[in-house]
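Enquirer: Sequence and predicted structure below; questions after.
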Amino acid sequence: MDRLERPQIICHAEKSLEYSIHDVKWVPCSAKFVSVGGKSNGAGLVEIYSMTGEGLEKVSEFTRKDHFKCCTFDASSLRNRHLATGDFSGRLQIWDLEDSIWPIYKTTEHRSIINAIDGVAGQNSGCGAPEIVTGSRDGSVMVWDVRQKDTPVAKFVPSDENSARDCWSVAFGNSYNNEERVVAAGYDNGDIKIYDLKAMKLKWSKCVKNGVVGLQFDRKNITMNKLVATTLESKIYCYDVRTKHPKKGFACVTEKAHKSTVWSIKHLPQNREIFMTTGGTGSLCLWKYIYPDRRVEKDADGIPYGVAGELSNLQNATVSEQPITAFDWCVDKMGLAVSSAYDQTIRVLIVTKLNLY
Amino acid sequence: MPLDDLSKLVDHSDPRNIPSTETLLSKYNIPITHFDFDYVKTCNDGRELEKMLQILRSGEEGYYPDLAKCTEDRLRVVKPKSKHLKEQVRVLRKNELNKEEVNEINSDLEHFVSDVNKKDKELDSRKCKKTFCDVEVRRCKTEIVEENNKVNDKRIAATDYSSWDKYDPDTELLKMDIEDEKEKKTALEEKEKKEKELKQLKEKSGKTKAKKSVTFNQFATEAEAIFHSEREREKGNEFFRAGDFEDALHCYSNSIRMKTSVNNLNNRAVTYLKLKKYEEALKDCNKVLTIDKENIKANIRKAEALKKLQRYEEAMDAIELAIQKDPNNPASQELADAIRKKCCREVQNTRMKIIEIEE
């Protein structure tokens, strides 16, 4: 494709803040986003920003005792749009952003920092109950239903507490009807595990060499299709999780990019074959997955196995000198995104020409 | 290009580096004489050019910007898709774009912001604290405890001679074979089971189609209906692009049920065309045209459906409307030509009739 027709990444607005930003998320069905993090004195902070014509405007904020590490809106409906947060001391809290004095839901089951959070089914019907999954340094992965107080509805814990691996990333997937659902979790030793929530068992596990920082299915509410994992040491693994062969497992394509840790992976909500990865050198890489001519082949015994496609790099651009720790696409507007970096700056980005792909 | 100097450099480069790390030049084993403008300009080996580029960029052999540029240019010709040509750019600032682009982006964003703010307000005004869900809370009594350090207990230590005496490689091999067979069998069984399930599901969905349409919640707000409808349409687009037309059809139908729009009707029409359900495609196109009389896509698709249904004259009318609106679309021109050919025969037939009447 001609260079002029390639997507461009444009910085629409940026704002320096006075605290470390750990996560950013768009508020669904609005021109607002939240930024969560904490100050150097240890206090945690949630801020809500709104896009105004040219720039950004702070709408509201609230402060709590501990740094907020991660957040999601994906388990709440459009009419309440509650924010679920995980913090440095292991609390999972759910907030009504307009009335944030007390959280509407709270648990302290995790004994250590919640590194990752994901939600599902908040904004779709017909794909199961709204649930939240949290992954923590204590090595456990817990699944929560807002309607059940205090105890998780499912829990995956390491057998031995001393050898527990730090869980760095979690993701929901395969939630194509009311029963089926899986959770993928990535650990600091490079383990990627997929737990089946319907059968309550480990479905698949694989060790990539480096700690898994980012993990996401290409879409949560379909039969699981692709899973992308990003790790330390600049590796991106893209698995075709449609077809599993007893020996070969899932087909996989790997790429090297960013020349450092690949901090996060986010699929474009409007087109699951396109995703953005963010790197430790302040770079953004836009990728497109190209399916092979035949996704499934049969081996000599007639057992089907998957065939990996290709990743094509659509754009590679630097935004900052510092690692880009969080990135989020806007669901309501194709190409609109927000990112946060270690330079304590939030940026609203526009990626053009995505509709051509 | 001082080739002699270059080769000397290899021999006498920093002595601390040589024992620990191999230079790229020796690693790739490319003759030093190849680092020459004349050679590079005629080289057709993409892989070699890539390697040379890496060597030149590394600076291990010295700094030759012109030769690197020349190699890059050649590589662009020989292997335009090479990953070594991917350059890293800076994110663009608004002032680096030309005015038209900036204006376009700004007006697009303004439009989006004002539109989404309305929906946002509507949602806020109809806020509800409760979550409604007809699916029960998951009941899992068991916790999964993983065995983290799974050690193969059957492994025999290298010095455990008595055990090795008992070890019979043939039986072990046989055991492995049997296990392999078992795995294959279970895999095949699973596959069959899956296929059966799919079949049953299909039969079921065929029977209970009417029931399914009821399960979708009626949305309390317009904003919700539009949001969900759009998400479902996007999901359909993905299936469509991947060639899963049945799934795409399902998504588009859901989307239409939530909130009918020109876009999702048009998308369903083209899906019907792909599935060779021309009557249905025609219906959807007509629905679009009642909303937007001059919709180009709908007219083109309508013409296509009518052509397949052998109603050539109506097809001609539809495609002419589309061409009037957008004369430079090669696809619609082509379609028009194809229909015209078919039409000609019809026209002749009708003309005969006209003559008869005149008589």
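Expert: Looks like it came in fine.

Enquirer: Which helix or which strand is home to B:Glu183?
Expert: Counting by DSSP states H and E, the element that carries B:Glu183 is helix B:169-207.

Enquirer: Which positions in the stretch 151-300 of chain A make contact with chain B?
Expert: When proximity is defined as CB under 8 Å from any CB of the partner chain, the stretch 151-300 of chain A approaches chain B at A:153-160, A:163-165, A:178, A:193, A:195, A:197, A:200-202, A:219, A:221-222, A:245-247, A:269-273, A:283-284, A:291. From N, CA and C alone the C-beta is placed, and that goes for glycine too.

Enquirer: The nearest residue to B:Glu122 once chain neighbours are set aside: neighbouring residues, count only.
Expert: What sits nearest to B:Glu122 in space, not counting adjacent residues and going by CB to CB, 6 or more residues apart in numbering or on different chains, is B:Ala223, at 4.7 Å. Burial of B:Ala223, expressed as a neighbour count using other CB atoms under 10 Å in any protein chain shown, amounts to 22.

Enquirer: So which residue is dead centre in chain A?
Expert: Closest residue to the average C-alpha location of chain A: A:Gln216 at 5.5 Å, with CA atoms, centre = their mean.

Enquirer: after the helix or strand bottoming out on mean pLDDT in chain B, next one along is what?
Expert: Every helix and strand of chain B was ranked by mean pLDDT, DSSP states H and E. The lowest is helix B:209-215, at a mean of 41. From helix B:209-215 onward toward the C-terminus, using DSSP H and E, the following helix or strand is helix B:222-242.

Enquirer: looking only at pLDDT, what's the mean for that next one?
Expert: Averaged across helix B:222-242, the pLDDT comes to 86.

Enquirer: on that earlier part again, output the host helix or strand of the residue nearest to the centre of chain A in CSV with nothing but the alpha carbons.
Expert: Remark: A:Gln216 resides in strand A:212-217, with elements defined by DSSP H and E. Output for strand A:212-217, consisting of C-alpha atoms alone and laid out as CSV, is shown next (Å, rounded to 0.1, in the frame of the first residue of the first chain):
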residue,chain,number,x,y,z
VAL,A,212,3.5,-11.6,29.9
VAL,A,213,2.7,-7.9,30.3
GLY,A,214,-0.3,-7.6,28.0
LEU,A,215,-3.0,-10.0,27.0
GLN,A,216,-6.2,-9.7,25.0
PHE,A,217,-8.6,-11.7,22.9
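
Enquirer: Okay, buried residues for that strand please.
Expert: Residues A:Val212, A:Val213, A:Gly214, A:Leu215, A:Gln216, A:Phe217 are the ones in strand A:212-217 that count as buried (16 or more other CB atoms under 10 Å in any protein chain shown).

Enquirer: Can you give the contact residues for the very next helix or strand once past it?
Expert: As assigned by DSSP H and E, the chain's next helix or strand after strand A:212-217 is strand A:226-231. By CB atoms under 8 Å, 6 or more residues apart in numbering or on different chains, the list of residues contacting strand A:226-231 from outside reads A:169, A:171, A:173, A:184, A:186, A:190, A:192, A:194, A:208-218, A:236-242, A:250, A:261-265, A:267, A:272, A:275, A:277, A:289.

Enquirer: Buried subset of those, written for PyMOL?
Expert: Buried members of the contacts of strand A:226-231, defined by 16+ other CB under 10 Å, are picked up in PyMOL with:
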select buried, chain A and resi 169+171+173+184+186+190+192+194+208+210+211+212+213+214+215+216+217+218+236+237+238+239+240+241+250+261+262+263+264+265+267+272+275+277+289
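
Enquirer: Now, the contacts of strand A:226-231 that are in strands?
Expert: The subset of those located in strands under the criterion DSSP state E comprises A:169, A:171, A:173, A:184, A:186, A:192, A:194, A:212-217, A:236-242, A:250, A:262-265, A:267, A:272, A:275, A:277, A:289.

Enquirer: that older thread, what about the helix holding B:Glu183, near chain A?
Expert: Yes: when contact is scored as CB under 8 Å from any CB, part of helix B:169-207 falls within range of chain A: B:Glu183, B:Lys184, B:Thr186, B:Ala187, B:Leu188, B:Lys191.

Enquirer: Filter the residues you listed down to the buried ones.
Expert: The neighbour-count test (16+ other CB under 10 Å) marks B:Lys184, B:Ala187 as buried among the residues of helix B:169-207 next to chain A.

Enquirer: Redo the residues of helix B:169-207 next to chain A as TSV? Include pLDDT and distance to B:Asp317.
Expert: Converted to TSV, the residues of helix B:169-207 next to chain A look like this (pLDDT from 0 to 100; distance: CB to CB, whole Å):
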residue	pLDDT	distance to B:Asp317
B:Glu183	77	62
B:Lys184	77	60
B:Thr186	80	60
B:Ala187	76	56
B:Leu188	79	55
B:Lys191	75	51
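
Enquirer: ok, the residues of helix B:169-207 next to chain A vs B:Lys121, which is closest?
Expert: When the residues of helix B:169-207 next to chain A are ranked by distance to B:Lys121 (CB to CB), B:Lys191 comes first, at 51.7 Å.

Enquirer: The closest one and A:Pro246: what is the separation?
Expert: Using CB to CB, to the nearest Å, one gets 10 Å for the distance from B:Lys191 to A:Pro246.

Enquirer: mind checking pLDDT for the closest residue to A:Met334 other than its chain neighbours?
Expert: Once its chain neighbours are removed from consideration, A:Met334 has its nearest residue in A:Gln270; the separation is 4.6 Å (CB to CB, 6+ apart). As summarised for this prediction, A:Gln270 has a pLDDT of 89.

Enquirer: count of neighbours near A:Gln270?
Expert: With other CB under 10 Å as criterion, A:Gln270 counts 22.

Enquirer: got the contact list for it?
Expert: Listed by CB under 8 Å, 6+ apart, the contact set of A:Gln270 reads A:Met334, A:Leu354, B:Glu234, B:Asn237.

Enquirer: quick one, phi psi at it?
Expert: In this entry, A:Gln270 is assigned phi and psi values of phi -90, psi -10 (degrees, to the nearest 10).

Enquirer: next one: A:Ile21
Expert: The phi/psi pair for A:Ile21 (degrees, to the nearest 10) reads phi -100, psi 130.

Enquirer: now the one 3 residues further on
Expert: In terms of degrees, to the nearest 10, the main-chain angles of A:Val24 are phi -130, psi 140.

Enquirer: can you pull out the helices in the stretch 51-200 of chain B?
Expert: Taking DSSP state H, counting those that start in this stretch as the criterion, the stretch 51-200 of chain B carries its helices at B:65-78, B:99-125, B:161-166, B:169-207.

Enquirer: Could you pull up the contacting residues of the residue nearest to B:Glu122?
Expert: B:Ala223 sits next to A:Cys29, A:Leu78, B:Lys118, B:Lys119, B:Asp120, B:Glu122, B:Leu123 when contact means CB under 8 Å, 6+ apart.

Enquirer: sorry, back to before: quick one: average pLDDT of the strand holding A:Gln216?
Expert: 92.

Enquirer: swap in stretch B:39-51?
Expert: If you average the pLDDT values across stretch B:39-51, you get 82.

Enquirer: Repeat that for stretch B:102-109.
Expert: Mean per-residue pLDDT for stretch B:102-109: 86.
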